[in-house]
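Trainee: Next comes the sequence, and after it the predicted model I'd like to discuss.
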Amino acid sequence: MLTEPAISDLGDLSQADLIALIQRLSEEVRMLRAEVHRLREELAQSKKPPPTSHNSSQPPSRDWKADRPQRKRHKKVGAKPGHAKAERRLVDNPDKVIDVWAEACPKCGVGLLEQAPERAIRRQLTELPEIQPVVIETRQYEVRCPGCQRLQRGALPEGLEASRRFGPRLEALVTYLHHEHHLGFERLCGVMRDVFGTPLSEGGAVAIVERAGEAAQPEAEAIGERVRQSAVIASDETSARVHGRNHWEWVFIG
């Protein structure tokens, strides 16, 4: 680093040396000002609260969360003192009963199957039945009319029309999962495959939902007419994606 001349020596410098000295000092001042500006910004940032979902666009999932107090491993179960014990009520007519008998005494080995039980300890658990799809096949037998010689066939029952590939209950479930639980078609098909054992393409799911919309259209129009005739109408809206485009979905309540 160059040593700057003392103020008392400035009078001995030539004009060229003075100009060079001023330029060098001016550059150092510029650098020092930039450094001061940077340090002030760092100090200001350090005084600001950390970004959260409340003071910035940061999503709530990235907010810092304090550790929960560690729970005791051997927590006492049951009702708290002063509270009545709540138990799940036993069903009067269970679907399946499994009798468990004591076969022999573990101490002396005496057989116990012939002894009359003093009491029966009842416990119940609720389980879902094994879910397997039911495939329904219709067979329309054609017969030739002896009078007009034309082939005739019986009418298919309601819900088993020739245009259907899925039954009404399955289509109702697909529509329910899509509209009420907002499952996308890819996840919806995964649920039908993994939970219900029913292969379903995304195109098939879309067709099911569209048919449900067509079936509900008359009732929707009737509801709309009742709303239009109401004295007071409340409304709300939200965005929705339809065929890859943004739409606005409005709700009117009479």
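Mentor: Received, thanks. Because the structure is a prediction, the values reported are computed rather than measured.
Trainee: Where does residue 251 sit, in terms of helix or strand?
Mentor: strand 245-253 (DSSP states H and E).
Trainee: Mind listing residues that contact that strand?
Mentor: Strand 245-253 is contacted by residues 224, 227, 233, 234, 235, 236, 237, 238, 239, 240, 241 when judged by C-beta atoms under 8 Å, 6 or more residues apart in numbering. The way it works is simple: take the backbone N, C-alpha and C, and place the C-beta from them, glycine included.
Trainee: where do the strands sit along the stretch 51-200 of the chain?
Mentor: 142-144, 151-153 (DSSP state E, counting those that start in this stretch).
Trainee: among those, which is nearest residue 200?
Mentor: With C-beta to C-beta, the closest approach to residue 200 among these belongs to strand 151-153: 28.9 Å.
Trainee: strands paired with that closest one, and their directions?
Mentor: Neighbouring strands of strand 151-153 in its sheet, by DSSP bridges, are strand 142-144 (antiparallel).
Trainee: buried ones in the strand it pairs with?
Mentor: Of all the residues in strand 142-144, not one is buried under the rule 16 or more other C-beta atoms under 10 Å.
Trainee: what's the spacing between that strand and its chain's center?
Mentor: Distance, stretch centre to chain centre, for strand 142-144: 53 Å (C-alpha atoms, centre = their mean, to the nearest Å).
Trainee: So what touches it?
Mentor: Residues contacting strand 142-144 (C-beta under 8 Å, 6+ apart): 150, 151, 152, 153.
Trainee: I'd like to know which of those residues is nearest to residue 195.
Mentor: Relative to residue 195, and with distances defined as C-beta to C-beta, the nearest of the contacts of strand 142-144 is residue 153, at 36.4 Å.
Trainee: Assess the claim that the closest one and residue 140 are in contact.
Mentor: Yes: in this structure, residue 153 is within contact of residue 140 by C-beta atoms under 8 Å, at 4.5 Å.
Trainee: Give me the distance between residue 121 and residue 103.
Mentor: The spacing between residue 121 and residue 103, counted by C-beta to C-beta, to the nearest Å, is 16 Å.
Trainee: Of the two, give the one with the bigger neighbour count.
Mentor: Between residue 121 and residue 103, counted using other C-beta atoms under 10 Å, the more crowded position is residue 103 (9 against 6).
Trainee: about what we covered before: biggest separation within the contacts of strand 245-253, which pair?
Mentor: Between any two of these (C-beta to C-beta), the greatest distance is 26.3 Å, for 233 and 241.
Trainee: and the two? which has more neighbours close in?
Mentor: Looking at residue 233 and residue 241 with other C-beta under 10 Å, you find the greater number of neighbours at residue 233, namely 11 against 8.
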